[in-house]
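> Turn this into a model:
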Amino acid sequence: MMAQTLAQWRSFGPKADLWVFGYASLVWRPEFEAAEHRPARVHGYHRCLHMWSRVNRGTADRPGLVFALMHGGCCDGVALRLPHDQVEAAMPALWEREMPNPVYDPKWLLCHTPQGPVRGLAFTLSRRSPNYTGPLSDAQYRDIFAHAKGRYGSTLDYARQTLHGLRSHGIEDHALAHLLRLADHL
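Predicted coordinates for the structure are as follows:
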């Protein structure tokens, strides 16, 4: 899938930079040096804490959650630009980070930025994915926030870091803030 994604990017032109749409941890920990960060909005998708994590933010016995970009609504995030001459070197690490298992569906989405639209690579999740949680109750979120912890820490810390990262870019996610209020007593 990475080779196919790179081939699609090359079709954008011989000197095209690569834009990546960050909507969760890519906002606050991209792990690559972006030449530019722009606030961006994507229509037709929304950020939600509806993907099981059995390694990074949970375990097989006690799954945690990570964010997904799912069909419907809109999502504010950050468009990160990788210069053309750095894409080939940076893509394997980005792919390993986002796609260690073929869980996400990489898509090229139109990112609306203050400087104009850019086509950005986004990692989306289908409701058909076995990692899609489906609707969760407040009690389930409280339990996951209280107990789920994986290789990179807890689901609760991840959600809090995402909220703070978004706010540092002037983005307010009311749905995420509401979810985190469920963990106020923890």
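> Residue 162 and residue 142: what is the separation?
As for residue 162, its distance to residue 142 is 18 Å (criterion: C-beta to C-beta, to the nearest Å). The way it works is simple: take the backbone N, C-alpha and C, and place the C-beta from them, glycine included.
> Compare neighbour counts for the two and give me the winner.
residue 162 (24 against 17; other C-beta atoms under 10 Å).
> quick check, the more buried one in a strand?
No: under DSSP: H, G, I helix; E, B strand; the rest coil, residue 162 sits outside any strand and is assigned helix.
> residues contacting it?
Contact analysis of residue 162 by C-beta atoms under 8 Å, 6 or more residues apart in numbering lists 24, 25, 27, 28, 67, 176.
> So which of these are in helices?
In helices, judged by DSSP state H, the following of the contacts of residue 162 are found: 25, 27, 28, 176.
> Isn't the second one up against residue 166?
Yes: applying C-beta atoms under 8 Å, one finds residue 27 in contact with residue 166, separated by 5.9 Å.
> Bridge partners for residue 69, pull those for me.
Taking DSSP bridges as the rule, residue 69 bridges to residue 47, residue 124.
> Kindly provide the distance from it to residue 11.
Distance from residue 69 to residue 11, by C-beta to C-beta: 22 Å.
> one step back: show me whatever sits in contact with both of residue 27 and residue 166.
With C-beta under 8 Å, 6+ apart as the test, residue 27 and residue 166 both reach residue 77.
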